[in-house]
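A.B. asks: Output the structure for:
(one chain, ligands or ions: 2)
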Amino acid sequence: MAEVAGRNCHAAVEALALERSYRGVAGQDLHIIRGLDLRVEDGEAVAIIGASGSGKSTLLHLLGALDRPTAGSVRVGGTDIAELDEQGAAALRNDRIGFVFQFHHLLSDFTAIENTMMPALIRGDDPASARARAAELLHQVGLDERFDHKPSELSGGEQQRVAVARALVNRPLVVLADEPTGNLDATLSEEVQDVLFSLGDRHRVALVVVTHNHEVASRAERVLRLMGGVLEDV
Ligand SMILES: Nc1ncnc2c1ncn2[C@@H]1O[C@H](COP(=O)(O)OP(=O)(O)O)[C@@H](O)[C@H]1O
Ligand SMILES: [Mg+2]
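C.D. replies: Numbering: from 1, shown residues only. Ligands and ions are numbered 1, 2, ... in the order given. Sure, this is the predicted structure:
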């Protein structure tokens, strides 16, 4: 891949002519993603909106190497995910991508700090440096008093803020967020948006956020609508 004057010209994440079909119950093909192109630059924040069932989660799973396209390609930091085996895809997901889902998916037996440092431990970081980095991120999301709380001892907004800290602990290229505030009331939703956008900005992480929330969308640099299996400018 070409480099211009030492600058890396890989996008943080890129989809080219992406397609994903599912086999319907009657055996017919359901074409959900139909030749979609997307390029998100390092540090850029993009919001994706679209009707329920339009394929937003399907797209995020493809961009995050949680699923494989029927056709077309996905590159993360220039790496074509088609070239990765399952182990390589797992390493890419853990090391270069942060995920924030509607439900936090924190591990219930582990504390906030343990959950936050987990991706760093999986990567093989030294536990002391993983803990220090997790502590700094929990501080940045405003959870200094909650390091040793388990998920059941945290509010919904606090759980999502831990999920944001965890998503950033390995200094990913991109954070993929699927309706991260969909399960929260307005005040908590605002808290989570704040940490997501401000930390994305501070750490120069690209952000792709699927949302029904206009306020969330308005904080992104670009808003795209998924319709008919492709993205259009809004
Ligand atoms: N694993 C699957 N098998 C079959 N159909 C699926 C599967 N996952 C999603 N779909 C269908 O694909 C469409 C898009 O789903 P999804 O990506 O979840 O939409 P959104 O997140 O925009 O609501 C829906 O019609 C859904 O029923
Ligand atoms: Mg969805």
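
A.B. asks: Quick check on the nearest residue to Val205 once chain neighbours are set aside: phi, psi?
C.D. replies: In this structure, Val205 finds its nearest non-sequential neighbour in Val175, 5.4 Å apart by C-beta to C-beta, 6 or more residues apart in numbering. C-beta: built from backbone N, CA, C; applies to glycine. Per-residue torsions, Val175: phi -110, psi 130 (degrees, to the nearest 10).

A.B. asks: Count the neighbours of Val175 for me.
C.D. replies: 25 (other C-beta atoms under 10 Å).

A.B. asks: can I assume it is in contact with Asp201?
C.D. replies: No - under the criterion of C-beta atoms under 8 Å, Val175 makes no contact with Asp201, lying 11.3 Å away.

A.B. asks: Pretty sure Gly64 sits against Leu176.
C.D. replies: Yes - counting by C-beta under 8 Å, Gly64 touches Leu176, with 4.9 Å between them.

A.B. asks: what touches both of those two?
C.D. replies: Residues touching both Gly64 and Leu176 by C-beta atoms under 8 Å, 6 or more residues apart in numbering: 97, 99.

A.B. asks: Could you list the buried residues of stretch 146-166?
C.D. replies: Across stretch 146-166, burial judged by 16 or more other C-beta atoms under 10 Å covers 146-147, 149-151, 154, 156-166.

A.B. asks: Identify the residues contacting that stretch?
C.D. replies: With C-beta under 8 Å, 6+ apart, stretch 146-166 has contacts from 98, 100-101, 104-113, 115-116, 118-119, 134-135, 137-138, 140-143, 175, 180-181, 183-184, 187-189, 191-192, 195-196, 199.

A.B. asks: List only buried entries from the residues you listed.
C.D. replies: 98, 100-101, 104, 106, 111-113, 115-116, 118-119, 134-135, 137-138, 140-141, 143, 175, 180-181, 183-184, 188-189, 191-192, 195-196, 199.

A.B. asks: Report all helices and strands that the longest helix along the chain contacts.
C.D. replies: Longest helix of the chain, by residue count under DSSP state H: helix 186-202. With contacts defined as 3 or more C-beta pairs under 8 Å, 6 or more residues apart in numbering; DSSP states H and E, the packing partners of helix 186-202 are strand 45-49, helix 127-140, helix 156-168, strand 174-178, strand 206-210, helix 214-218.

A.B. asks: Let's see the fourth one as CSV, backbone CA atoms only.
C.D. replies: It refers to strand 174-178. Below are the C-alpha coordinates for strand 174-178, written out as CSV (Å, rounded to 0.1, in the frame of the first residue of the first chain):
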residue,chain,number,x,y,z
VAL,A,174,-11.3,2.6,15.8
VAL,A,175,-14.2,2.3,18.2
LEU,A,176,-17.4,0.7,16.9
ALA,A,177,-20.4,1.6,19.0
ASP,A,178,-23.8,0.0,18.3
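
A.B. asks: what sits against Lys56?
C.D. replies: Taking C-beta under 8 Å, 6+ apart, one finds 48-50, 178, 210, 226 in contact with Lys56.
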